[in-house]
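Participant: Give me coordinates for this.
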Amino acid sequence: MPRPHSDATAPGEAPVAAGTVARAHRLRTRDWLAAFGVAVVAALLLRAFCLQAFRIPTSSMEKNLLAGDFVLVSKLHYGPRLPRSVGLPLTGWYLPDVTLPHVRVPGFSRIRRGDVIVFNYPAEEGPVDRKTHYIKRVVGLPGETLSIRNKVTHIDGVPLPLMPGMQQKWVVRAEPGAVLPLEELEARGASLLSVQGGLRTGGRIAFEATRDVAEEVASWNAVASVEPLVTPPQAGLRLRTFPPGRGFSPDHYGPLYIPARGDTLHLTDESWPVYERLIRRYEGHDARRLDDGRFLIDGVLTDRYVVEQDYYFVMGDNRDNSQDSRVWGFVPMDHVVGKAVLVYFSWDLERHMPRFERILHRIR
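Facilitator: Numbers count the residues shown, from 1 in each chain. As a prediction, the model looks like this:
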């Protein structure tokens, strides 16, 4: 029996017109395109107003966040921002001469000390929402005075201890005649930086680790002392720290007042390096210091300025390996993207495999 042709019709059935089949294909294609378009729009809206994914590229937040961690950032906590630039989403293309006003939808939480936040790098040029993303921990809040003495951060004179997972540089000295077990030091997660002198004659080892590791090492019989490795204050004279000309060092810093919205700043020769960038770049005013020492803001002579938004002081959890507010200054509120809440995936860059124990790890 011959095989029927593909467009043959069974007895009693009306033949199907070729145009009807083509229309059905067009309808299916249109439905697929519409579904794809809705999915893309929904993904863009979710990214713009709810959650956004970021990858940790450096070790500045170790040990709490590792290079290779992929984190989810909630924009709902502090309120999502409306776009400031006009361009194509997920690309670097935008109209350079078009900048929209800053608008933030109210969130359900305020920024608190200890929050890990993602923000646009303030010192970079260009529209706020096109600047490079940074991630750091909030240390100083608007209206507070921050200082660092011998590596210990103080807020309004009250010391802030290192949180769990934060690490810094330490120096360990051996007891006379004792040998420090370097392999044990590394096995506890410490990173050896240098070994100076003979280990049996009071030599010292510099290492990077958390406070918990440093306290454990201090309890070893072979150890005479473990102390923070502190950069001397005079080193600030050759380091580039914020504000310029103050001579602050990363371990001896401040005091520095963090401006709050509504503050009236008194402009002087001393305060001008602190607040010049704030007034000109972050709040968009024509401000300059005249040769006679007076200040001109938007064409008006004045020695006062009222702050228009809150500012924050941020630092990395890896305190001695972080470019943060000690280097480039305050983070304006309009630069804040959101709060880092979850590590949803982690890739070990050295072993080239996932860190399964960090998947779905909550960020603290």
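
Participant: what about the nearest residue to Val306 once chain neighbours are set aside, how many neighbours?
Facilitator: Once flanking residues are discounted, Val306 sits nearest to Thr264: 5.4 Å by CB to CB, 6 or more residues apart in numbering. Where C-beta positions appear, they are placed from N, C-alpha and C, glycine not excepted. Thr264: 9 surrounding residues under other CB atoms under 10 Å.

Participant: separation between Thr264 and Ile155?
Facilitator: From Thr264 across to Ile155, the span is 22 Å (CB to CB, to the nearest Å).

Participant: Pro273 now?
Facilitator: Taking CB to CB, one finds Pro273 at 22 Å from Ile155.

Participant: Tell me the buried residues in stretch 153-167?
Facilitator: Neighbour counts over stretch 153-167 (16 or more other CB atoms under 10 Å) mark 153-155, 162, 165-167 as buried.

Participant: Pick out whichever of these sits closest to Lys63.
Facilitator: The nearest member of the buried residues of stretch 153-167 to Lys63, counting by CB to CB, is Gly165 at 4.8 Å.

Participant: I figured that closest one hits Asn64, correct?
Facilitator: Yes - judged on CB atoms under 8 Å, Gly165 makes contact with Asn64 at a distance of 3.9 Å.

Participant: What are the boundaries of the helices in the stretch 151-300 of the chain?
Facilitator: Using DSSP state H, counting those that start in this stretch, the helices of the stretch 151-300 of the chain run over residues 182-187, 211-218, 272-277.

Participant: Against which helices or strands is the strand ranked longest in the chain packed?
Facilitator: If you go by DSSP state E, the chain has its longest strand at strand 336-348. Where contact means 3 or more CB pairs under 8 Å, 6 or more residues apart in numbering; DSSP states H and E, strand 336-348 is packed against strand 51-55, strand 69-74, strand 116-120, strand 353-354, strand 361-362.

Participant: Quickly list what's touching both of Gly165 and Asn64.
Facilitator: Common contacts of Gly165 and Asn64 (CB atoms under 8 Å, 6 or more residues apart in numbering): 317, 364.

Participant: Which helix or strand contains the residue nearest the centre of the chain?
Facilitator: Centroid check for the chain by CA atoms, centre = their mean gives Ile135 as the closest residue, at 1.1 Å. Using DSSP states H and E, Ile135 sits within strand 133-140.

Participant: Note down every partner strand of that strand and its orientation.
Facilitator: strand 116-120 (antiparallel), strand 311-315 (antiparallel) (DSSP bridges).

Participant: most packed of those strands?
Facilitator: Comparing these by mean neighbour count (mean count of other CB atoms under 10 Å), strand 311-315 comes out on top with a mean of 25.

Participant: now that one against strand 336-348, angle please.
Facilitator: 20 degrees (axes from the mean of the first three to the mean of the last three CA atoms, to 10 degrees).

Participant: Render the CA-only coordinates of strand 311-315 in PDB, please.
Facilitator: Output in PDB follows, covering the C-alpha atoms of strand 311-315 (Å, rounded to 0.1, in the frame of the first residue of the first chain):
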ATOM      1  CA  TYR A 311      27.000  60.700  53.800                       C
ATOM      2  CA  TYR A 312      28.700  57.500  55.000                       C
ATOM      3  CA  PHE A 313      32.200  56.300  55.900                       C
ATOM      4  CA  VAL A 314      32.900  52.800  54.600                       C
ATOM      5  CA  MET A 315      35.800  50.400  55.100                       C
END
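
Participant: before we move on, back to that, is it possible to get CSV of the buried residues of stretch 153-167 that adds pLDDT and distance to Ser194?
Facilitator: Shown next, in CSV, are the buried residues of stretch 153-167 (pLDDT from 0 to 100; distance: CB to CB, whole Å):
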residue, pLDDT, distance to Ser194
Thr153, 96, 25
His154, 97, 29
Ile155, 97, 32
Leu162, 89, 22
Gly165, 90, 24
Met166, 93, 21
Gln167, 93, 16
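
Participant: Where does the record place the domain boundaries for the chain?
Facilitator: 28-144+311-364, 167-228 (automatic domain parsing).

Participant: How much space separates the closest residue to Phe70 other than its chain neighbours from Phe54?
Facilitator: The shortest distance from Phe70 to any non-neighbouring residue, by CB to CB, 6+ apart, is to Phe345 (4.3 Å). Using CB to CB, Phe345 is found at 12 Å from Phe54.

Participant: any shared contact partners between these two?
Facilitator: Common neighbours of Phe345 and Phe54 (CB under 8 Å, 6+ apart) are Phe70.

Participant: got the end-to-end distance for stretch 116-126?
Facilitator: The first and final residues of stretch 116-126 sit 24 Å from each other (CA to CA, to the nearest Å).

Participant: can you list the residues that contact that stretch?
Facilitator: So stretch 116-126 is in contact with 52, 54, 61, 64-65, 73, 96, 111, 128-138, 281-282, 312, 314, 328-332, 335-340, 363, going by CB under 8 Å, 6+ apart.

Participant: Could you rerun that using 6 Å?
Facilitator: Stretch 116-126 has contacts (CB atoms under 6 Å, 6 or more residues apart in numbering) with 54, 73, 128, 131-135, 137-138, 328, 331, 335-340, 363.
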